[in-house]
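[1] Have a look at this prediction, sequence included:
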Amino acid sequence: MLCVDRRCLVFQIRRCDTIPSALSDFLSDTRFTFTGIDVREKVQRLILDYEVSVGNVRELKTWLEEVERERGRLRRERLQLAKDILMLWSHHHTGDPPPPLMETWHCDPHY
C-alpha cells in the first residue's frame, strides 16, 4: 500500500506475473522516501521475492526516536536560557554582582 496524505494505492504484488516497470521505477527513485513500521523488513522481502529495489527507506520507530532526542535537546537549551535570563534579572534587581559567566552581558538599569 502506498499512501500520500489521505490517498492510497493498494497494489497486490503477489497476484502479478511481473512487476510493472512504472512501479519498479517509482520504488527505486531516490527522490522519494518510503516510511513505515518495520519497513526495512518489507523492503527486504521485495528485494528477495521480487527483485525490486527501493531507493530511500526510513523506519518510523527510528525517526521518532531521533525527533524525541532533538526535542529533548532543544528543551534543555531553552531551559538553560530561561535560567540564565532569570539569574541576570535577579542580579540586576537585587544589586548583587552577576556571576562570572554573565559579566559580559549588558544590563540596562532603566529597563
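    Ah, there it is. Numbering: from 1, shown residues only.

[2] Tell me how this protein divides into domains.
    2-59, 63-102 (automatic domain parsing).

[3] I'd like these as a markdown table, with mean pLDDT and mean neighbour count appended.
    C-beta here means a position set from N, CA and C on the backbone, and glycine is covered the same way. Putting the domains of the chain into a markdown table (pLDDT from 0 to 100; neighbours: other Cβ atoms under 10 Å) gives the following:
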| stretch | mean pLDDT | mean neighbour count |
| --- | --- | --- |
| domain 2-59 | 87 | 12 |
| domain 63-102 | 75 | 11 |
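
[4] Which helix or strand contains residue 34?
    strand 33-36 (DSSP states H and E).

[5] What lies in contact with that strand?
    With contact meaning Cβ atoms under 8 Å, 6 or more residues apart in numbering, strand 33-36 is reached by 2, 27, 42, 43, 54, 55, 56, 57, 58, 59, 60, 63.

[6] Just list whatever residues bridge to the first one.
    If I follow you right, that is residue 2. With DSSP bridges as the criterion, residue 2 is bridged to residue 9.
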